[in-house]
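Asker: Below is the sequence, then the predicted model.
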Amino acid sequence: MSNNKPLAALVVILGPTASGKSTLGVWLAERIGGEIVACDSTQLYKGFDIGTAKPSLVERRGVPHHLIDLLEPTVPATAGAYREAAITVLDDLRCRNRIPIFTVGTGLYLRALLDGLADVPQRSEDLRERLRQSRDRHPAGHLHRMLRRLDLESAGKIAPADEQKLIRAIEVCLLTKRSLTQVYRDGRTPLEGWRPIKLGLQPRREDLYKKIHARTESMLAHGWLDEVRGLMSGLTNEAKPFDFIGYRELRAVVRGEMQLADAKAAIQQSTRRYAKRQITWFRREAGVLGLDGFGDSAQVQTAALEFVTRSLRN
């Protein structure tokens, strides 16, 4: 570290969607003098509220929440920008002697914050457009073949149909004159001055799926379709949040392309798959206290508080 400040505690709550991270976070914040810092790429966007499960003012119970509603729907969200915003919040909380409690839905953003990011160049819209034009002039699979020539290892990790990732990988290779693999292997700057205390919610898979289904029903009952209809009246179809789970399906309902019952089933299925991906990602996190249950469980809350209190004393 570059200074002699003692390490400050930073609480991290990991868990799949619908596991109760926000509920546990608020409950802990009330008892340890904490404030919530959302770590979720979907909750950054203004106006997309119900389907991203932003906690309501009632659910926040007066506990300050940070990094929610930061971006207009037309602005791309990036892990790097999130890291910068989170560090600003952390500096403020440290000055006020408040404990940050991160409720983590997007594991990549947590990793960017704690471990740092490789020094990758900003997007080049001119280069991206040239790559798209090149794609249109060549047979299918052109972008993947191009990446294979530039960075065989990265090409092996990116599906030929994943155009967004292919273009980004090629873009980095051309702008840095190095492979994407080399860029990411170069030095990163980890977060300094903070000591993470990690909790992981681990409800039974069957119970989680039931909760996901019930929450989808509740979101629809509380006006999710009307929210989407209102957003569509004021935004272009290219707005990134329309690609989020649920928003794309309900947009199809509004357009008359899908029945509501089919959309609901598709949302539930996509959310289950997303939860599985989150679980897989979070399993790779080191030093996590596993908590068997949901964040609103009294037993889970007690175990979490005991662990955090003990860790704060050490």
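Answerer: Looks like it came in fine. This structure is a prediction, so every number in the text was calculated from the model and none was measured.
Asker: so what's Trp224 up against?
Answerer: Counting by C-beta atoms under 8 Å, 6 or more residues apart in numbering, Trp224 makes contact with 50-51, 246, 250. C-beta coordinates here come from the backbone N, C-alpha and C atoms, glycine included.
Asker: Could you dump these into a markdown table and include distance to Leu14?
Answerer: Formatted as a markdown table, the contacts of Trp224 follow (distance: C-beta to C-beta, whole Å):
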| residue | distance to Leu14 |
| --- | --- |
| Ile50 | 23 |
| Gly51 | 21 |
| Gly246 | 22 |
| Leu250 | 28 |
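Asker: Among those, which one is most surrounded by other residues?
Answerer: When neighbours are counted by other C-beta atoms under 10 Å, Leu250 leads those with 28 neighbours.
Asker: Please identify the helix or strand for the closest residue to it other than its chain neighbours.
Answerer: Leaving out its chain neighbours, the residue that sits closest to Leu250 by C-beta to C-beta, 6 or more residues apart in numbering is Val228, at 4.2 Å. Element membership of Val228, judged by DSSP states H and E, is helix 224-234.
Asker: element containing the residue lying closest to Leu231 once chain neighbours are set aside?
Answerer: With sequence-adjacent residues excluded and distances taken as C-beta to C-beta, 6+ apart, Leu231 is closest to Gly47, at 5.8 Å. Gly47 belongs to no helix or strand when assigned by DSSP H and E.
Asker: Pro6: how many residues sit nearby?
Answerer: Quick note: Pro6 (other C-beta under 10 Å) scores 7 neighbours.
Asker: got the contact list for Ser134?
Answerer: By C-beta under 8 Å, 6+ apart, the neighbours of Ser134 are 142-143, 146.
Asker: pretty sure Cys9 is in a helix, no?
Answerer: Just so we're on the same page, residue 9 is Ala rather than Cys. No - membership of Ala9 in a helix is not supported by DSSP: H, G, I helix; E, B strand; the rest coil, which gives strand.
Asker: Which single one of the contacts of Ser134 is nearest to Phe282?
Answerer: Leu143 (31.0 Å; C-beta to C-beta).
Asker: how about the nearest residue to the closest one, chain neighbours excluded?
Answerer: Closest to Leu143 by C-beta to C-beta, 6+ apart is Leu166, at 4.3 Å.
Asker: circling back: gap between the helix holding Val228 and the chain center?
Answerer: On the basis of C-alpha atoms, centre = their mean, to the nearest Å, helix 224-234 sits 23 Å off its chain's mean C-alpha point.
Asker: returning to that earlier point: may I have the phi/psi pair for the residue nearest to Leu143?
Answerer: phi -60, psi -50 (degrees, to the nearest 10).
Asker: follow-up on the earlier one: which of the contacts of Trp224 fall in helices?
Answerer: Members of these lying in helices (criterion: DSSP state H): Leu250.
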